[in-house]
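Enquirer: here is my input, please return the structure:
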Amino acid sequence: MKRTLRLLLTVGLSLVCVSLFAQKFPNYPIPQQPDTLRILGIGNSFTDDGMMYLPELLEAAGIRNVVLGRLYIAGCSLERHCREYAGNAPAYIYYKSTSNRWETVSKKATLLDGIADERWDVVVLQQASGKSGIYPTYQPWFGRLVEIVRWCCPNAGACIAWQQTWAYARNSQHRDFGRYEKNQQLMYRGIVSSVEQLMRETSVEVVVPSGTAIQDLRNTALCDSLDLTRDGYHLNPGTGRYTAPAHGSRRSWPRPSGRTSPGTAAVWREPLTS
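Expert: Predicted coordinates for the structure are as follows:
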């Protein structure tokens, strides 16, 4: 009987510790003026849209000492990332840029392959687009994914950052648009609210607000009939994809060795609303 009680107590304490870790895990700032800045994105096609043109923007600014990585599974949610890690599944496409040009490292990579590949300074996470405005879908999976990054990344002091995704086009036919009554403003407000709650309840301070940048641009003459998308949800290869990483605001990525120009890629803290 005593052994059973001790076991239950141990399990209970473990669950409490995991819960507390998910809420206020140790986080670290982005290094300032590093010799090389290393940024890894873990996500899906929205990660691709947000990072695709970063090498070109860096090259145009004369920056050649930034290493970028993308771990991609189509439509992947926070929950699925955790399950793929648990099964050590080679389900990812791993892309990497070391000289301002994307190359495919592997089409059958595991999550561990990408995380352990470099001493990443920044690891950017995001939720699947259809769930991005529904905060209960973030936890406990966000906390578990952070724990995976902390265990596996060679740099124990990596900054955990968040990519705020964008709302679908007003006429989008995406199957998840019904979660938001097929209302772009409702979806956008849900995304903003979810990211703000994430920042309140966890140690995330650095947010890449692609969603706000896109929503702001939708209120200008640059907006087209598909609301800057190519299919109702993925960004178009012109204005949309250039805006997601390049739209500048309150805080820029640090300047490696002082060789950047302002506004190359931006990170917001607050506010997130347009």
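
Enquirer: what are the ranges of the strands in this structure?
Expert: Along the chain, the segments classed as strands by DSSP state E run 37-43, 66-72, 92-97, 102-109, 122-125, 159-163, 207-208, 251-252, 266-267.

Enquirer: output those as JSON lines; include the columns mean neighbour count.
Expert: Yep, even glycine has a C-beta here, placed from its N, CA and C like the rest. Below are those laid out as JSON lines (neighbours: other C-beta atoms under 10 Å):
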{"stretch": "strand 37-43", "mean neighbour count": "25"}
{"stretch": "strand 66-72", "mean neighbour count": "24"}
{"stretch": "strand 92-97", "mean neighbour count": "21"}
{"stretch": "strand 102-109", "mean neighbour count": "14"}
{"stretch": "strand 122-125", "mean neighbour count": "24"}
{"stretch": "strand 159-163", "mean neighbour count": "23"}
{"stretch": "strand 207-208", "mean neighbour count": "25"}
{"stretch": "strand 251-252", "mean neighbour count": "14"}
{"stretch": "strand 266-267", "mean neighbour count": "20"}
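
Enquirer: turn these into a markdown table, including mean pLDDT and distance to residue 53.
Expert: Formatted as a markdown table, the strands of the chain follow (pLDDT from 0 to 100; distance: least, C-beta to C-beta, whole Å):
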| stretch | mean pLDDT | distance to residue 53 |
| --- | --- | --- |
| strand 37-43 | 97 | 13 |
| strand 66-72 | 98 | 11 |
| strand 92-97 | 98 | 11 |
| strand 102-109 | 98 | 10 |
| strand 122-125 | 98 | 15 |
| strand 159-163 | 97 | 15 |
| strand 207-208 | 94 | 14 |
| strand 251-252 | 41 | 16 |
| strand 266-267 | 42 | 14 |
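
Enquirer: nearest to residue 24, out of these?
Expert: Proximity to residue 24 (C-beta to C-beta) singles out strand 159-163 among these, at 11.9 Å.

Enquirer: against which helices or strands is the closest one packed?
Expert: For strand 159-163, the contact count by 3 or more C-beta pairs under 8 Å, 6 or more residues apart in numbering; DSSP states H and E identifies helix 45-51, strand 122-125, helix 184-201, strand 207-208 as packing neighbours.

Enquirer: where does the stretch 101-250 of the chain have low pLDDT?
Expert: Applying pLDDT under 70 to the stretch 101-250 of the chain flags residues 246-250.

Enquirer: go ahead and confirm residue 166 touches residue 211.
Expert: Yes: using C-beta atoms under 8 Å, residue 166 is in contact with residue 211, at 4.1 Å.

Enquirer: looking at those two, which has the bigger crowd around it?
Expert: Comparing residue 166 with residue 211 by other C-beta atoms under 10 Å, the one with more neighbours is residue 166, at 33 against 27.

Enquirer: may I have the beta-bridge partners of the closest residue in space to residue 94 that isn't next to it in sequence?
Expert: Once flanking residues are discounted, residue 94 sits nearest to residue 109: 3.8 Å by C-beta to C-beta, 6 or more residues apart in numbering. Residue 109 has the following beta-bridge partners by DSSP bridges: residue 92.
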